[in-house]
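Engineer: The sequence and its predicted three-dimensional model are supplied below.
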Amino acid sequence: MNPKKPKFITIHLLRLKLTDEPSCPFCGANEDTNIHYIFHCPHFMNVRNFPKKRFPSTTMQNQQNRIAISCLVDFISRSNRFGDPMMQN
Ligand SMILES: [Zn+2]
């Protein structure tokens, strides 16, 4: 990851008035949101490993929840967007 790019989701920085630029620093999409980062940003395409089958959100069972959360945590870790949580940087 380019160290000059912000680690935080820029739409949140915009709401906190810490930036005036909401675009994705990785791909240039108009808004860098949670959904963009997790599901759509092409920069992180190679570290996304979500199940092909979509879980119906209204009927997810505990096992499906565990799989979905595990995939999300794995993606966040592999994307290295937020750095090493054990390092205070
Ligand atoms: Zn992007």
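Structural biologist: That came in fine, so what should we check first? Here the structure is a predicted model, which is why all the values come from computation and not from measurement. Residues are numbered from 1 along each chain as shown.
Engineer: got the residues of the protein near the ion?
Structural biologist: C24, F26, C27, A29, C41 (Cβ under 5 Å from the ion). C-beta: built from backbone N, CA, C; applies to glycine.
Engineer: now with 8 Å?
Structural biologist: 24-29, 32, 36-37, 40-44 (Cβ under 8 Å from the ion).
Engineer: ok, and for the longest helix seen in the chain, which residues are buried?
Structural biologist: Across the chain, the helix with the greatest residue count (assigned by DSSP state H) is helix 62-79. Using 16 or more other Cβ atoms under 10 Å as the test for burial, helix 62-79 gives I67, A68, F75, I76, S79.
Engineer: Stretch 10-21 too?
Structural biologist: Here stretch 10-21 shows T10, I11, L13, L14, T19 as buried, counting by 16+ other Cβ under 10 Å.
Engineer: Kindly reformat those residues as JSON lines containing pLDDT and secondary structure.
Structural biologist: As requested, these are arranged in JSON lines below (pLDDT from 0 to 100; DSSP: H, G, I helix; E, B strand; the rest coil):
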{"residue": "T10", "pLDDT": "90", "secondary structure": "helix"}
{"residue": "I11", "pLDDT": "89", "secondary structure": "helix"}
{"residue": "L13", "pLDDT": "89", "secondary structure": "helix"}
{"residue": "L14", "pLDDT": "90", "secondary structure": "helix"}
{"residue": "T19", "pLDDT": "89", "secondary structure": "coil"}
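Engineer: out of the buried residues of helix 62-79, which one sits closest to the ion?
Structural biologist: S79 (11.0 Å; Cβ to the ion).
Engineer: so what's the closest one up against?
Structural biologist: Y37, F44, V47 (Cβ atoms under 8 Å, 6 or more residues apart in numbering).
Engineer: Which residues are in contact with the nearest residue to the first one once chain neighbours are set aside?
Structural biologist: Nearest-residue entry for Y37: I9, 6.0 Å, with adjacent residues in sequence omitted and distances by Cβ to Cβ, 6 or more residues apart in numbering. With Cβ under 8 Å, 6+ apart as the criterion, the residues that contact I9 are D32, T33, N34, Y37.
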